[in-house]
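Trainee: Predicted structure and sequence below. I'll ask about it afterward.
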Amino acid sequence: GAALGNLVRGLPLDASGYLHMPLFTNFLPVHPAGVLDIYTVAIGLFAVLALAAHGATFLVWKTDGLVQQRSRRLATRLWWGVAAALIPVTWATARVNTDVFAQFSTRPLAWLLAASWIAGLMATPWFLRRRQEWPAFASSSLFLLGLLAATAACVFPVMLRSQLDRAHHLTAFNASAPEHSLTMGLWWWGLGV
């Protein structure tokens with residue numbers, strides 16, 4: 001989670017592609033930020049909460065009896081926690097990287113992916129209450145995949161954001177290997193597999 005927070009917030013990447021960061025500085029998410037700051041820690045905690053809710057939902061699906069009952073209660077509480085934590089995490093993301101939401105409005109795929117994670121977040125507790133274990137787990141998976149994919153759709157083509165200068169961003173285009181190398185790699189991969 002903290003690693004994802006660093007990717008969304010940006011790193012002090014210079015023109016040479018070199019980056020050096022302390023573990024933490026003053027816990028503010030502005031340059032010079034460390035690996036851990038208030039934003040990356042918040043994203044890390046949100047990831048732990050979301051994955052704990054997903055894990056509890058998985059246990060509801062795969063167990064029965066007392067373990068299933070306890071897991072269902074825990075999963076329901078955790079999903080309400082995820083919904084509540086999503087609001088400040090989204091606000092913090094908008095403050096740390098304004099490009100994420102600027103890109104969102106112009107990308108139809110991001111809208112579709114956002115709709116999928118919203119549907120997953122709403123459907124999971126609903127299915128848990130109705131004791132429909134497999135749809136609850138599928139909805140939980142949809143939430144996690146949709147949230148990550150929507151984030152990726154909004155930051156694309158930037159793969160590694162520079163806090164220092166937009167010209168230093170590593171994108172899917174300026175950081176990729178030449179087309180011939182990719183073609184040869186795909187050919188050899190296919191042969192190897």
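Mentor: Looks like it came in fine. Everything numeric here is computed off the predicted structure, so don't read it as measured data.

Trainee: separation between the most centrally placed residue in the chain and residue 174?
Mentor: Using CA atoms, centre = their mean, the residue of the chain that lies closest to the mean C-alpha position is residue 148, 3.9 Å off. Relative to residue 174, residue 148 is positioned 23 Å away (criterion: CB to CB, to the nearest Å). From N, CA and C alone the C-beta is placed, and that goes for glycine too.

Trainee: tell me what the strand or helix carrying the residue nearest to the centre of the chain is packed against?
Mentor: Residue 148 belongs to helix 133-155 when elements are defined using DSSP states H and E. Of the remaining helices and strands, those touching helix 133-155 by 3 or more CB pairs under 8 Å, 6 or more residues apart in numbering; DSSP states H and E are helix 2-9, helix 38-62, helix 65-96, helix 98-104, helix 108-129.

Trainee: Now find how far off-centre that helix is within its chain.
Mentor: In terms of CA atoms, centre = their mean, to the nearest Å, the gap separating the centre of helix 133-155 from the centre of its chain is 9 Å.

Trainee: same question, stretch 145-159
Mentor: On CA atoms, centre = their mean, the centre of stretch 145-159 falls 8 Å from that of its chain.

Trainee: in it, what's buried?
Mentor: With burial defined by 16 or more other CB atoms under 10 Å, the residues of stretch 145-159 counted as buried are 146, 147, 149, 150, 151, 153, 154, 155, 158, 159.

Trainee: I'd like those residues laid out as JSON lines, including distance to residue 94.
Mentor: Output for the buried residues of stretch 145-159, formatted as JSON lines (distance: CB to CB, whole Å):
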{"residue": "146", "distance to residue 94": "18"}
{"residue": "147", "distance to residue 94": "15"}
{"residue": "149", "distance to residue 94": "18"}
{"residue": "150", "distance to residue 94": "14"}
{"residue": "151", "distance to residue 94": "12"}
{"residue": "153", "distance to residue 94": "16"}
{"residue": "154", "distance to residue 94": "11"}
{"residue": "155", "distance to residue 94": "13"}
{"residue": "158", "distance to residue 94": "16"}
{"residue": "159", "distance to residue 94": "20"}
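
Trainee: Kindly indicate which of those lies nearest residue 102.
Mentor: Relative to residue 102, the closest of the buried residues of stretch 145-159 is residue 154; by CB to CB it sits at 8.6 Å.
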